[in-house]
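**Q** Build me a model from this:
(one chain, ligands or ions: 3)
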Amino acid sequence: MVLGMQWGDEGKGKVVDVLTPRYEAVARFQGGPNAGHTLIFGDEKYVLHTIPSGIFRDGSVNIIGNGVVVDPVIFAREIATLEEAGIEVRSKLRVSKRAHLILPTHRMLDAASEASKGASKIGSTLKGIGPTYMDKTGRNGLRVGDIISPQFEARYGALKAKHEGLLAGYKDFAYDIAEYEREWMEGIEVLRSLKLIESEIEANRMLDRGVKMLAEGAQGSMLDVDFGTYPFVTSSTTLCAGVCTGLGVAPHRIGEVYGIFKAYCTRVGSGPFPTELFDADGQRMAEVGMEFGSTTGRARRCGWLDMVALKYAVVMNGATKLIMMKGDVLSGFETIKVCTGYRVAGEVIDYFPFETNEAIEPVYEEFPGWKVVIGGVRRYEDFPVEFRAYVEFIERATGVPVEIISVGPDREETVVRDL
Ligand code: GDP
Ligand code: IMO
Ligand code: MG
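**A** Ligands and ions are numbered 1, 2, ... in the order given. Predicted coordinates:
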């Protein structure tokens, strides 16, 4: 598994692409088009929202698991973009019949709910994620497998009508889904032309045959619906456990758990972020790291690495290996800070608490920065001593080895350690 250890956008897309030569199948198991996973090879750049990041590798099988929520519009556009670039998609793609559909009215409900919250809004990507998962657990949802049923149109109409009733309760919320709905129906046709599968059966059969499979997480641990900074979270289980419910894979079949983190922290949307910076350092991270959302284009909030949150994520996921991204962005900083504790009501704690409001004051440890550009480094031994000290501090603090270090957005800008 590859799982984000922070608030998303750690670089999962890049890493999954780097790891795929080791795997024959890649599966998404939660989230939906709120995700934006960027892959860069040479002059080519792709942002994937629904399709697993293994799609670029010849001969790979890419599964969209039952835990994913699919917007047929975004999905069909994604397929079209890849096909226009000459990438073979259809033969490599499988979609779970149990995956839930995001309806145009789910997007409207998301928007209406956020608008009604005013300043306390979650900062949702407005892709309809929350309302779709609500319908799933509320047992009202429509699933991918339903699109082949003769009753599909009627069931769509009934759910849409139900949503329209809910939307009527939001005063001053005007909407028009006609255009989107047309494209949605076209997207349903595209879905009908794909391989729709019982992914839990197929995934387990593949594992029985010894096929190596990589599960690609979306979002990050701090956005998990149970253990993240609730209510400023997404609506799915972003942790390791999500693969059991979102793909149908039993716990004992989970092998290596790669926890991926940035050398600093970012967050897009609202909610607690203890190490957030509002100064020149934060601005520099945002500029050098080009921290703008891959899905919404919003500016990402930036701050120092939060070891309290990282250690929490490592434990909650049972991470067996770590992957550090974007260390190149910190090159040239005189001093690098790492939050190793939270001061709450005068007392320092070293765990992630229930209360994560502004009352948390981060306690920092300082490290000398590395002054040289590291984008060209390909062997761990060639990193400056300060950089290695930073990596090894993280390894000691978490008790987990950092196996992969990414020093730039390109596939090639990667250091794999032989541990
Ligand atoms: P994901 O959602 O976890 O897949 O991450 P995103 O794609 O949303 O955001 C990560 C961003 O950082 C993308 O723009 C990547 O191209 C870029 N990126 C990934 N790894 C590195 C790295 O090591 N250094 C730099 N400078 N950029 C990186
Ligand atoms: P990837 O997979 C970063 C954030 C949103 C918002 C909150 C809820 O690219 O790492 P939602 O649309 O799920 O209702 O939004 O979660 N969020 C993400 N932030 N990366 C993501 O995905 C995210 N997906 C959702 O900004 O704060
Ligand atoms: Mg992203």
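**Q** Helices of the stretch 201-350 of the chain, residue ranges please.
**A** 242-247, 280-288, 307-317 (DSSP state H, counting those that start in this stretch).
**Q** What helices and strands are in contact with the lengthiest helix in the chain?
**A** Assignment by DSSP state H gives helix 152-168 as the longest helix of the chain. Using 3 or more C-beta pairs under 8 Å, 6 or more residues apart in numbering; DSSP states H and E, the elements in contact with helix 152-168 are helix 104-117. Yep, even glycine has a C-beta here, placed from its N, CA and C like the rest.
**Q** Contacts for the helix or strand just after the helix it packs on next, please.
**A** Following helix 104-117 in sequence order, the next helix or strand is helix 129-137 (DSSP states H and E). Residues outside helix 129-137 that contact it (C-beta atoms under 8 Å, 6 or more residues apart in numbering) are 31-34, 69, 100-103, 106-107, 109-110, 113, 122, 124, 141, 159, 163, 234-236.
**Q** Among those residues, name the ones that also lie close to ligand 2.
**A** 34, 122, 124, 234 (C-beta under 6 Å from any ligand atom).
**Q** okay, now the residue of the stretch 201-350 of the chain found nearest ligand 2: neighbour count?
**A** Closest residue of the stretch 201-350 of the chain to ligand 2, C-beta to the nearest ligand atom: Gly269 (2.1 Å). Counted by other C-beta atoms under 10 Å, the residues lying close to Gly269 total 22.
**Q** just to revisit the earlier point, mind listing what's buried along the longest helix of the chain?
**A** 156, 159-160, 163, 167 (16 or more other C-beta atoms under 10 Å).
**Q** do stretch 83-98 as well
**A** 89, 92-98.
**Q** near ligand 3, which residues of the stretch 151-300 of the chain?
**A** Ser294 (C-beta under 5 Å from the ion).
**Q** Which residue ranges of the stretch 151-300 of the chain form strands?
**A** Under the criterion DSSP state E, counting those that start in this stretch, the stretch 151-300 of the chain carries strands at the ranges 195-197, 213-216, 258-262, 265-267.
**Q** Can you spell out which helices and strands pack onto the longest one?
**A** Think strand 258-262. strand 2-4, helix 12-19, helix 307-317, strand 321-325.
**Q** what's the first one packed up against?
**A** When contacts are defined as 3+ C-beta pairs under 8 Å, 6+ apart, strand 2-4 packs onto helix 12-19, strand 213-216, strand 258-262.
**Q** looking at these, which is buried most?
**A** Greatest average neighbour count among the helices and strands packed on strand 2-4 goes to strand 258-262 (a mean of 27), per mean count of other C-beta atoms under 10 Å.
**Q** which parts of the protein sit against ligand 1?
**A** 4, 8-14, 35-38, 40, 289, 294, 325-326, 328-329, 406-409.
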